[in-house]
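In: give me coordinates for this.
(2 chains)
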Amino acid sequence: MASKLRTSSRSQKWRGVVGFTFTGVATLISLGALFSILAYLIIHGIGAIDWNFLTKEPAAVGEAGGGIAPSLLGTAILVTISMIFGVPLGVGVGIYLSEIAGETHFSRVARVSINTFIGVPSIIVGVFVYFILVKPTKTFSAVAGGLALGIIMIPIMARTTEDVLRLVPNSIREAGLALGAPRWHVMLHIVLPAARAGVITGGILAVARVAGETAPLILTALGNEYYPTSLFKPIDEITLRILKYARGPYDVWHQQAYGAALILVFGIAIGSLLLRLTTRTQSAAR
Amino acid sequence: MSLIMSASPKLPQASVPDMGPNLTSIDGRDPGKPAFSVSNLNFYYGTHQALDEISLMIEDRIVTALIGPSGCGKSTFLRTLNRMYEVVPNTRATGSILLRSEDLFSIDLTQLRRRVGMAFQTANPFPKSIFDNVTYGPKIQGDFSRAELSDLVEESLRRAALWDEVKDKLHKSALGLSGGQQQRLCIARALALKPEVLLLDEPCSALDPISTAKIEELIVGLKDTCAIVIVTHNMQQAARVADFTGFFLMGKLIEFDRSTVIFEKPKRKETEDYITGRFG
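Out: Sure, this is the predicted structure:
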């Protein structure tokens, strides 16, 4: 009996060693890959970044100099339009699913649909907007690009909103109702503020996600060499710029593609960091 | 009276309690009227019957305790008194409950919950400041100036025996308070609406003995302004604070009488078995 016990404990120990080794090595390899990407971007891209790069329009084809200012401005505009479409609808769906729908057939179908849509490749959204907006209006446009990004945002926002609202304890809802508050009042003045930090986090994550989208924009926003003049004309975006420069034949373009990618990565990183800091002070204040 | 009596032949003593000294009328309420007159109340979760032909009277400005083993229906009964059960889908109540002399089931819900306040088993303050917690109800139920709200906050917190501990941090988060303080805040929040009845659903079950003692003291102090109905698992607590006690078992009200009778010489064997710890 004793020997049996010893054998099994030895094999468990062995399994433990294998488990720790595998997961540890997997972590190292993954982090290594991520940091190589970052290092690669920094090495190749840092040289491209200067004041002109951030503030100038692209130079003539193949010439040195010029910048990606229209792409940065375009990105900001597209993200703003996407939030106008995506945030109210997404938050609305999340509130509906968490607070109002309950467990009905409809809400179950809605929940499964939302989860499925999070995984749908973004190019499909691009194709959809291309056929319903770009083709009928016969022009690529900022609105079409923003709409595509907004549609991508809806399920992400809906899912995170529903999740954080469900984290709000039911006892707080009961407390509000027991004071005679109508359900909508409890939802708006107690539940939503309690979940505010989570909803904001979800919003920023959704923005970070769509800010890095390329595929749907090729079919909707198209890209542009100049500053945007109208929301109903093609507009540039940073990933479109990266795509164009990376595929181009000129060394200058390649370097600028790395530079633009570096800016995108750091922009999103700084955004997430600021978000962490602000939500932390918020929850500390509460 | 006679209707209630005939409806609950098992409980003749419950319907004619000796109210002792005359109560003075305040707030224009009729002091002669019981807070609740319940007759033949049945309650169902879906097809499961949780309350079976409950009839009793809950007198004004008296503490009434409801005791019984888990699942006996005492909390369910409490939640019919302010219709909190309506948040649970597929529930149904039949029979009649009068609040004073009004049909409780046809009172506007916002009004009903102003008149019948409630505190829950676990303290559930809103993640807002102490001040905003207390003013939440009044802001919904009426138009008060900032000064009136301030007065109301002080008055409510004093009545909940919390004022001295929090008067310097009214605008700090309620979540920073201890468990016992949070529970008293929840009581203050209910008191801010000047309710006629305060329902307490095991308010001390998550509290230490000192916090429990404070809440019990507070309960006794509140009964000159409102009727109090408290559900408790703690029989000593019922004996300490309650004038009347009802014993529930499997959805039925087995016995309802003065606490002294229930705890010293109960008439029903089930009650005696329960309070002497022979089961439950």
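In: now the longest helix along chain A, how far from the chain's geometric center?
Out: Selection of the longest helix in chain A by residue count, based on DSSP state H, yields helix A:2-45. Put simply, helix A:2-45 sits 29 Å off its chain's centre (C-alpha atoms, centre = their mean, to the nearest Å).
In: mind giving me the packing neighbours of that helix?
Out: helix A:251-285 (3 or more C-beta pairs under 8 Å, 6 or more residues apart in numbering or on different chains; DSSP states H and E). Placement of C-beta: from N, CA and C, glycine included.
In: please point out which parts of the helix it packs on sit buried.
Out: For helix A:251-285, burial by neighbour count (16 or more other C-beta atoms under 10 Å in any protein chain shown) applies to A:252-265, A:267-268, A:275, A:279.
In: other SSEs contacting it?
Out: Using 3+ C-beta pairs under 8 Å, 6+ apart: helix A:251-285 touches helix A:2-45, helix A:51-55, helix A:196-211, helix A:238-247.
In: quick one: mean pLDDT for the first one?
Out: So that's helix A:2-45. Mean per-residue pLDDT for helix A:2-45: 86.
In: could you give the angle of it to helix A:251-285?
Out: Taking axes from the mean of the first three to the mean of the last three C-alpha atoms, to 10 degrees, one finds helix A:2-45 and helix A:251-285 inclined to each other by 120 degrees.
In: same deal with the third one?
Out: Using the same axes, to 10 degrees, the direction of helix A:196-211 lies 170 degrees away from that of helix A:251-285.
In: what mean pLDDT would you report for helix A:196-211?
Out: 88.
In: elements contacting the following helix or strand past it?
Out: Next helix or strand after helix A:196-211 toward the C-terminus (DSSP states H and E): helix A:215-218. For helix A:215-218, the packing partners by 3+ C-beta pairs under 8 Å, 6+ apart come out as helix A:122-129, helix A:142-167, helix A:238-247.
In: ok, now with 6 Å
Out: The contact analysis (3 or more C-beta pairs under 6 Å, 6 or more residues apart in numbering or on different chains; DSSP states H and E) places helix A:215-218 against helix A:122-129.
In: coming back round to it: closest one to residue B:228 among the helices and strands packed on helix A:251-285?
Out: Nearest to residue B:228 among the helices and strands packed on helix A:251-285 is helix A:196-211 (35.8 Å), distances taken as C-beta to C-beta.
In: so the closest one, near chain B or not?
Out: No - figure legend: helix A:196-211 not in contact with chain B (C-beta under 6 Å from any C-beta of the partner chain); closest approach 9.5 Å.
In: helices of the stretch 101-250 of chain B, start to end?
Out: Taking DSSP state H, counting those that start in this stretch, the helices of the stretch 101-250 of chain B run over residues B:109-115, B:130-141, B:146-159, B:163-166, B:179-191, B:209-222, B:235-241.
In: most tightly packed of the ones you listed?
Out: Comparing the helices of the stretch 101-250 of chain B by mean neighbour count (mean count of other C-beta atoms under 10 Å in any protein chain shown), helix B:179-191 ranks first with a mean of 25.
In: got the CA coordinates for that one in PDB?
Out: In PDB, the C-alpha atoms belonging to helix B:179-191 read as follows (Å, rounded to 0.1, in the frame of the first residue of the first chain):
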ATOM      1  CA  GLY B 179     -21.600  46.100   8.000                       C
ATOM      2  CA  GLY B 180     -23.600  47.200  11.000                       C
ATOM      3  CA  GLN B 181     -23.400  50.900   9.900                       C
ATOM      4  CA  GLN B 182     -24.500  50.000   6.400                       C
ATOM      5  CA  GLN B 183     -27.500  48.100   7.800                       C
ATOM      6  CA  ARG B 184     -28.500  51.100   9.900                       C
ATOM      7  CA  LEU B 185     -28.000  53.300   6.800                       C
ATOM      8  CA  CYS B 186     -30.400  51.100   4.900                       C
ATOM      9  CA  ILE B 187     -32.900  51.500   7.800                       C
ATOM     10  CA  ALA B 188     -32.300  55.300   7.700                       C
ATOM     11  CA  ARG B 189     -32.900  55.300   4.000                       C
ATOM     12  CA  ALA B 190     -36.300  53.600   4.500                       C
ATOM     13  CA  LEU B 191     -37.100  55.900   7.400                       C
END
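In: show me what it is packed against.
Out: With contacts defined as 3+ C-beta pairs under 6 Å, 6+ apart, helix B:179-191 has these neighbours: strand B:116-119, helix B:130-141, helix B:146-159.
In: give the buried residues for the first one.
Out: For strand B:116-119, a neighbour-count test (16+ other C-beta under 10 Å) marks B:116-119 as buried.
In: could you do stretch A:173-189 as well?
Out: Buried residues in stretch A:173-189, counted by 16+ other C-beta under 10 Å: A:173-181, A:185-187, A:189.
In: what's the first-to-last distance across that stretch?
Out: Terminal residues of stretch A:173-189 are spaced 10 Å apart (C-alpha to C-alpha, to the nearest Å).
In: neighbouring contacts of it?
Out: Residues outside stretch A:173-189 that contact it (C-beta atoms under 6 Å, 6 or more residues apart in numbering or on different chains): A:99, A:190, B:110, B:113-114, B:118, B:124, B:137, B:140-141.
In: sorry, back to before: looking at the helices and strands packed on helix B:179-191, which is nearest to residue B:202?
Out: Per C-beta to C-beta, nearest to residue B:202 of the helices and strands packed on helix B:179-191: strand B:116-119, 9.6 Å.
In: returning to what we had before: columns mean pLDDT on top of the helices of the stretch 101-250 of chain B, output as CSV?
Out: Listed next are the helices of the stretch 101-250 of chain B as CSV, based on pLDDT from 0 to 100:
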stretch, mean pLDDT
helix B:109-115, 94
helix B:130-141, 94
helix B:146-159, 94
helix B:163-166, 95
helix B:179-191, 95
helix B:209-222, 92
helix B:235-241, 93
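In: switch those over to TSV; also include distance to residue A:145.
Out: TSV is the format used below for those (distance: least, C-beta to C-beta, whole Å):
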stretch	distance to residue A:145
helix B:109-115	47
helix B:130-141	42
helix B:146-159	48
helix B:163-166	53
helix B:179-191	49
helix B:209-222	59
helix B:235-241	66
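In: looking at those, which is closest to residue A:110?
Out: Among those, helix B:109-115 sits nearest to residue A:110 (C-beta to C-beta), with 28.2 Å.
In: return only those of the buried residues of strand B:116-119 found close to chain A.
Out: residue B:118.
In: on that earlier part again, can you put the helices and strands packed on helix B:179-191 in a markdown table and add distance to residue B:254?
Out: Formatted as a markdown table, the helices and strands packed on helix B:179-191 follow (distance: least, C-beta to C-beta, whole Å):
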| stretch | distance to residue B:254 |
| --- | --- |
| strand B:116-119 | 24 |
| helix B:130-141 | 35 |
| helix B:146-159 | 34 |
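In: nearest to residue B:269, out of the ones you listed?
Out: strand B:116-119 (32.9 Å).
In: which helices and strands sit right next to the closest one?
Out: Secondary-structure packing of strand B:116-119 (3+ C-beta pairs under 6 Å, 6+ apart): helix B:179-191, strand B:197-201.
In: what does that strand contact?
Out: So strand B:116-119 is contacted by A:178, B:82, B:186-187, B:190, B:193, B:195, B:197-200, B:203 (C-beta under 6 Å, 6+ apart).
In: fine by me, we can end here.
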